[in-house]
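> Below are the sequence and a predicted model for it; my questions follow.
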Amino acid sequence: MRVFSGSSNPDLAKKIARKLQAKLGKVELSCFANGETRVWVKEDISNGKAVVVQSFSYPPDEHLIEFCLIVDALKRLGVKKITAVIPWLGYCVQDRVFRPGEPLSSKVIAKILQTTKISRIITLDLHNQVIEGFFDLPFTELFGTYTIIDYLKEKGVILDTIVSPDVGALKKSNLFSESFNQPLVVINKKRDLKSGKVSIVSVSGEVKGKKVLITDDFISTGGTLIQTAKFLKSKGVKRIYACATHHFYAQGVQEKIEKSPLDMLYVTDTIQKPKDKKYKKLKIISVAGLIAETIRKYK
């Protein structure tokens, strides 16, 4: 078995290869003069097995095409079984049609991926589990939540209360509440019908003097997280931690988080942090071990 990486998350691919004690395959990635992606797999791997690691993070369309071309190149080399590790399955948030004339984007991506004839998909923390039904091939969803929980316990992080930033995050928040045997509170919000602006009106329990953890699936603009942190601080919270499986690292978002009342943000490495950036309030926890263990199970 060999592990191949696209350009989106080579650091995670290296960690997975080390965990599997497998060789990291050589892939040359470049572009033609017209901007089209060019892929060259520089390995002799006929009749073997391969793992392709690629998050569909920014720019998602580019990373999707790159992934499809790597898989096709491996197939043409005679690889019999290809496991696709897509830590962040791009377009998974677009899981429904809101207005006439819109596509069901996540289903379109599922169809594209299945044309590559991969053997299995391994991903983490989908926005909606209904997406698994869009695939007609073996599909495994892992949960970075448990990796974060294990890390926090190992480091002895003390928590008094778990905070769900909205009703939609209750499922993840409940896991933390049960794991740490601590109460769960929910942030209550209202939306202005004219402007569409969302504001926090209350919290469902007592938080003054507490050490709290805000839980969520992913961080995009950081607006919800920062708004929640500011509100909790105004209520006398002692320390504010937050966690999410996916961090998109959209431009300027982590910089805003660094200036917020948040004390620390815990995320996994499903999406690679920009190499030239260093942040004091960011701790990245690797899911390489979790992914490698799953690959071994199905190899």
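On my side now, so go ahead.

> Shouldn't Leu89 be within a helix?
No: Leu89: not assigned to a helix; according to DSSP: H, G, I helix; E, B strand; the rest coil it is coil.

> Identify the residues contacting it.
By C-beta atoms under 8 Å, 6 or more residues apart in numbering, the residues touching Leu89 are 56, 109, 121, 123, 126, 131. Glycine gets a C-beta too; all of them are placed from N, C-alpha and C.

> Can you pull the domain assignment for the protein?
Structural domains annotated on the chain: 2-142+288-298, 145-268, as defined by automatic domain parsing.

> ok so, going back, which member of the contacts of Leu89 is positioned nearest Lys238?
Leu126 (33.6 Å; C-beta to C-beta).

> Redo the domains of the chain as CSV? Include distance to Lys281.
Formatted as CSV, the domains of the chain follow (distance: least, C-beta to C-beta, whole Å):
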stretch, distance to Lys281
domain 2-142+288-298, 20
domain 145-268, 5
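
> which stretch among those domains comes nearest Lys278?
domain 145-268 (10.1 Å).

> any idea of the mean pLDDT in that closest one?
For domain 145-268, mean pLDDT rounds to 91.

> where do the helices sit along this structure?
10-20, 60-76, 105-114, 144-154, 170-180, 223-234, 253-258, 288-298 (DSSP state H).

> Include mean neighbour count and distance to Asp160 when you put those into JSON lines, please.
Listed next are those as JSON lines, based on neighbours: other C-beta atoms under 10 Å; distance: least, C-beta to C-beta, whole Å:
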{"stretch": "helix 10-20", "mean neighbour count": "20", "distance to Asp160": "33"}
{"stretch": "helix 60-76", "mean neighbour count": "19", "distance to Asp160": "38"}
{"stretch": "helix 105-114", "mean neighbour count": "17", "distance to Asp160": "37"}
{"stretch": "helix 144-154", "mean neighbour count": "18", "distance to Asp160": "13"}
{"stretch": "helix 170-180", "mean neighbour count": "18", "distance to Asp160": "9"}
{"stretch": "helix 223-234", "mean neighbour count": "19", "distance to Asp160": "12"}
{"stretch": "helix 253-258", "mean neighbour count": "16", "distance to Asp160": "22"}
{"stretch": "helix 288-298", "mean neighbour count": "17", "distance to Asp160": "28"}
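
> contacting residues for Ala50?
Residues counted as contacts of Ala50 (C-beta under 8 Å, 6+ apart) are 1-4, 25, 74, 79, 81-83.

> For the residues you listed, which two are the farthest from each other?
Gly25 and Lys81 (14.3 Å).

> So for those two, which sits in the more crowded spot?
Legend: neighbour count by other C-beta atoms under 10 Å for Gly25 and Lys81, higher for Gly25 (22 against 16).

> List phi and psi for the more buried one.
Per-residue torsions, Gly25: phi -70, psi 150 (degrees, to the nearest 10).

> And it, how far from Ile118?
Separation of Gly25 from Ile118 (C-beta to C-beta, to the nearest Å): 16 Å.

> Which of the domains of the chain sits closest to Lys275?
Here domain 2-142+288-298 is closest among the domains of the chain (C-beta to C-beta), at 8.6 Å.
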